[in-house]
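Q: Give me the fold of what follows.
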Amino acid sequence: MSATSAAGTLEGVVWALDEAPAFAPGDAVRILTRTPIGHYRVPTYLRGKSGTVEAVIEPAGLDNEQEGFGRNAGSKRHYYRIAIPLTEIWPDYVGSPRDGLRIEVFETWLERV
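A: Numbering: from 1, shown residues only. A predicted model of the protein is given here:
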């Protein structure tokens, strides 16, 4: 098993062109809002919500949305485990401010904030 560096990347990994993770643990991100609704694999209630990258999921994977439409040329990107505070999803949430939802989101759905 490879060691993980302080930046959250795997030491000794040689990335293919454009396959290095775009985000690292601790990065603040927002889930994009897209239309139309369709084959997309992000719940609508999480679109536009902000959170923090908890982990980079290895290995990189094919874009399953593009695969679903038969449009993938084989490029790979990463999934990320995103921690979203429940107060981001439900502003009136009265539980602990440490409560949150964890979800794995594909790289094409995330933007840096």
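
Q: What residues sit buried inside the helix or strand bottoming out on mean pLDDT in the chain?
A: Confidence across the helices and strands of the chain bottoms out at helix 64-68, with a mean of 77, counting by mean pLDDT, DSSP states H and E. Buried residues in helix 64-68, counted by 16 or more other C-beta atoms under 10 Å: residue 65. (Each C-beta comes from the backbone N, C-alpha and C, glycine too.)

Q: Check the offset of it from the chain's centre.
A: Its chain's average C-alpha position is 16 Å from that of helix 64-68, according to C-alpha atoms, centre = their mean, to the nearest Å.

Q: now swap in stretch 24-44 and tell me
A: Chain-centre distance of stretch 24-44: 8 Å, with C-alpha atoms, centre = their mean.

Q: can you map out the helices along the chain?
A: For the chain, applying DSSP state H gives helices covering 64-68, 86-89.

Q: Of the ones you listed, which is nearest residue 26?
A: helix 86-89 (16.8 Å; C-beta to C-beta).

Q: Give the buried residues for the closest one.
A: Neighbour-count burial for helix 86-89 [16+ other C-beta under 10 Å]: 86, 88.

Q: quick one: average pLDDT of that helix?
A: Mean per-residue pLDDT for helix 86-89: 96.

Q: Same check on stretch 31-46?
A: 82.
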